[in-house]
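J.: Fold the following, please.
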Amino acid sequence: MNQPFETAKEHFEIGLSHFENGSYKSAKVEFFRANELMPDRPSILSNLSATLIKLREWPEAQSISEQLVKIDPQDSIGWLNLGVCAAHSGQYQLAKNYFSKSIDLNSDSFEAWVNKGHAHQELAEFLDANNCYMKALELNPKHEDSLIGLGNLLNEQENHEDALKYFDAAIFNNPDNHLAKWNKALSLLRLGNFPEGWRLFESRQHVTGMMEHRPKLLAPLWLGLESIYDKTIYVYAEQGYGDTIQFSRYIPILEKEKGAKVIFGVPKPLIELMKTLGPGIEVVDQYTFFEKNYPQKIDFQTPIMSLALAFNTQIDSIPVCVPYLTTDKSKVAKWAKILKNSPQQKSFLRVGIAWRGSGKYANKVSEKRNLPFSFVAELIKELTPSGIEFHAIQTEFGPDTDFKEPHIDNLYSHSRELIDFSDTAALIAQLDLIISVDTAAAHLSGALAKETLLLLPDPPDFMSLIYRNDSPWYPNTKLIRQPNRGNWKIVMNTVLLNILSRRTQSCMNATKRI
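T.: Model (predicted):
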């Protein structure tokens, strides 16, 4: 008897059992043991790479997949898994090529077809994406990922009502498909159907990529049903900085109207800013906060975006008492001094601008929301003779500026002074107008009740709704939407007209004061 082979087979079969039961960490251990005993076996490497993908351990998954296709170039699963890794890092053209290779080796793989459809969709190759999804459904008529893909494809094409039918079909086939429910929630919220949308939005707590970030607390979840009077509730940030700023408006309501003791866990860059919500709110670093170390009993916990459901939020009941965040007076005074000494002494208008976010959008690696810097440079050049001064209100810069601060006339960068969001808030307070893509800077400006032009890609994030140029969340914010995907030129023409109009008003006000 070949003992290493038999032992490796045993570990392999145990790994398969763990994988089928969703115990991916245990499956990983068993597959690695099998691989140590019998290295370079395609069946082991194939399942190991799939497990690593489930665990979102991307570098290892890519390495194992590369090893697999090197050993056996005819292994379709290896190419499929390589494509998944490439897509995760935003390399959609490369991913598409890998998926095509997988299909060439196994044209009946509906997994390869649906993943190729996703890649086409990210590249705005909508007809090809549709054909891939349809081919996957031809091979597996109840394939849920293909139905979700078609729903998202229709959303990309602004066919939101029909998109719901595909999400419903996926949910009909599997009522426990949380990804389908979450995508349906995004569509409903985009359409303004808040009651059902917020309810289904809770499914995000079970979606890979979001569920892993939940804090490990013993306290039960609060969604508005129980009384929290004289109770302690821990609210924690989720997703991006902008989401936390947007939904932090609910925090004072928990204390003032519900009578709760509130602990608010946020990332460190938001701590000082969130302390301005009220003196009775305890703000902590969510990454160093542990329930067992807290001196008092925590009665309930809530992810911050669930507060919209807890308060039964509808479009006409959004708390819009802006500003709900305030600024540090000493920091405001510091910025007043800095701006007073700026070279442009006769500015009629001081404009803050943010042209890019984190490099992700809608929970994926994407440049979709980011405004190419060439448009920013062109706008500044056009408006400089009009006495308009520009200040960057971001600290990260894109690849089109080599990730460095851009150095052009009349754009002032303050990345060294913007340590956290309270610094950014103080700078915004000294500016007349904010122009921003859909990033945290826009939410911060809106929360401070500063006049804001929010530049939206097509289609926008679900929180921007559709077919309106005002924001129900921020009364002082005007929405400027791309008329079609990638069309920033029309957006910037509209921005130019808005700034010129604002400058004219400033000049008139100055004349009246004289």
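
J.: ok, and what's touching stretch 80-97?
T.: Stretch 80-97 is contacted from outside by 46, 49-50, 53, 56, 58, 61-62, 64-66, 68-69, 98-99, 102, 109, 111-112, 115-116, 118-120, 122-123, 364-366, using CB atoms under 8 Å, 6 or more residues apart in numbering. Where you see a C-beta, it was placed from the backbone N, CA and C, and this is true even at glycine.

J.: can you rerun that using 7 Å?
T.: 49-50, 53, 58, 61-62, 65-66, 69, 98-99, 102, 109, 111-112, 115-116, 118-120, 122-123, 365-366 (CB atoms under 7 Å, 6 or more residues apart in numbering).

J.: and what of stretch 44-55?
T.: 12, 15-16, 19, 24-25, 27-28, 31-32, 34-35, 38, 60-61, 64-65, 67-68, 75, 77-78, 81, 84.

J.: Mind checking which of those are buried?
T.: Neighbour counting over these (16 or more other CB atoms under 10 Å) leaves 12, 15-16, 19, 24, 27-28, 31-32, 34-35, 38, 60-61, 64-65, 67-68, 75, 77-78, 81, 84 as the buried ones.

J.: In helices, which of the residues you listed fall?
T.: Members of the buried ones among the contacts of stretch 44-55 lying in helices (criterion: DSSP state H): 12, 15-16, 19, 24, 27-28, 31-32, 34-35, 60-61, 64-65, 67-68, 77-78, 81, 84.

J.: if we can go back for a sec, now the buried members of the contacts of stretch 80-97.
T.: Among the contacts of stretch 80-97, those classed as buried by neighbour count (16+ other CB under 10 Å) are 49-50, 53, 61-62, 65-66, 69, 98-99, 102, 109, 111-112, 115-116, 118-120, 122, 365-366.

J.: Quick check: helices, which of those residues are part of them?
T.: Going by DSSP H, the helices hold 49-50, 53, 61-62, 65-66, 69, 98-99, 102, 111-112, 115-116, 118-120, 122 from the buried ones among the contacts of stretch 80-97.

J.: For stretch 394-406, measure first residue to last.
T.: 12 Å (CA to CA, to the nearest Å).

J.: Could you give me the buried positions within it?
T.: With burial defined by 16+ other CB under 10 Å, the residues of stretch 394-406 counted as buried are Gln394, Thr395, Phe397, Gly398, Asp400, Thr401, Glu405, Pro406.

J.: so what's the fifth one closest to, chain neighbours aside?
T.: In this structure, Asp400 finds its nearest non-sequential neighbour in Phe373, 4.8 Å apart by CB to CB, 6 or more residues apart in numbering.

J.: can you check the third one too?
T.: Here the nearest residue to Phe397 in space, its sequence neighbours aside, is Phe403; by CB to CB, 6+ apart that works out to 5.5 Å.

J.: Then the fourth one?
T.: In this structure, Gly398 finds its nearest non-sequential neighbour in Arg356, 4.8 Å apart by CB to CB, 6+ apart.

J.: okay, now the one you found: neighbour count?
T.: Residues contacting Arg356 under the criterion other CB atoms under 10 Å number 23.

J.: residue ranges with poor pLDDT in the stretch 301-450 of the chain?
T.: 343-347, 361-365 (pLDDT under 70).

J.: Which parts of it are strands?
T.: Ranges of strands in the stretch 301-450 of the chain, per DSSP state E, counting those that start in this stretch, are 349-354, 360-361, 364-365, 388-392, 411-413, 433-437.

J.: Need the ones you listed in JSON lines (columns: distance to Lys478).
T.: Listed next are the strands of the stretch 301-450 of the chain as JSON lines, based on distance: least, CB to CB, whole Å:
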{"stretch": "strand 349-354", "distance to Lys478": "14"}
{"stretch": "strand 360-361", "distance to Lys478": "21"}
{"stretch": "strand 364-365", "distance to Lys478": "27"}
{"stretch": "strand 388-392", "distance to Lys478": "17"}
{"stretch": "strand 411-413", "distance to Lys478": "22"}
{"stretch": "strand 433-437", "distance to Lys478": "10"}
